[in-house]
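In: coords below, sequence missing:
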């Protein structure tokens, strides 16, 4: 079983994420590509001491990056989790 720090890689601070946290009490996390929703829920509850109501995940495909030659490479694929918290809970990101 993975530890919480292995499941949650970082908190994503984006414009969309800031809007979601203010309006809908949802937070964005970059998570391990092999983590499932149950592991993500446990990790967020353990790390931030909050109650998680729902977890939505999406896999983000790596982008093509052109090298100096005609060859193309790609950036790494990753997984994003949108975590909805209980109405009484919040995470202080700053």
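Out: Yep, that arrived. Quick caveat, the model's predicted, so the values are computed rather than measured.

In: all helices for this structure, in order.
Out: Taking DSSP state H to define them, one finds helices in the chain at 4-7, 15-23, 37-48.

In: most tightly surrounded among the ones you listed?
Out: helix 37-48 (a mean of 18; mean count of other CB atoms under 10 Å). All C-beta spots, glycine's among them, are computed from the backbone N, C-alpha and C.

In: ok, residues contacting it?
Out: Outside helix 37-48, the residues that touch it by CB atoms under 8 Å, 6 or more residues apart in numbering are 2, 4-5, 7-8, 27, 29, 31, 35, 50-52, 55, 57, 81, 83, 91.

In: chain center to it, what's the gap?
Out: Helix 37-48 has its C-alpha centroid displaced from the chain centroid by 11 Å (CA atoms, centre = their mean, to the nearest Å).

In: quick one: stretch 43-52 to chain centroid distance?
Out: So, by CA atoms, centre = their mean, the centroid of stretch 43-52 is 13 Å from its chain's centroid.

In: separation between the closest residue in space to residue 32 that isn't next to it in sequence and residue 23?
Out: Excluding the flanking residues, the one nearest residue 32 by CB to CB, 6 or more residues apart in numbering is residue 7, at 5.4 Å. Distance of residue 7 to residue 23, given as CB to CB, to the nearest Å: 26 Å.

In: please apply the same query to residue 91.
Out: 15 Å.

In: for residue 30, same thing?
Out: With distances taken as CB to CB, residue 30 is found 21 Å from residue 23.

In: just the strands in this protein please.
Out: 8-11, 26-31, 52-60, 64-66, 72-74, 78-85 (DSSP state E).

In: export those strands as JSON lines, with columns for mean neighbour count.
Out: Formatted as JSON lines, those follow (neighbours: other CB atoms under 10 Å):
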{"stretch": "strand 8-11", "mean neighbour count": "16"}
{"stretch": "strand 26-31", "mean neighbour count": "21"}
{"stretch": "strand 52-60", "mean neighbour count": "14"}
{"stretch": "strand 64-66", "mean neighbour count": "9"}
{"stretch": "strand 72-74", "mean neighbour count": "10"}
{"stretch": "strand 78-85", "mean neighbour count": "19"}
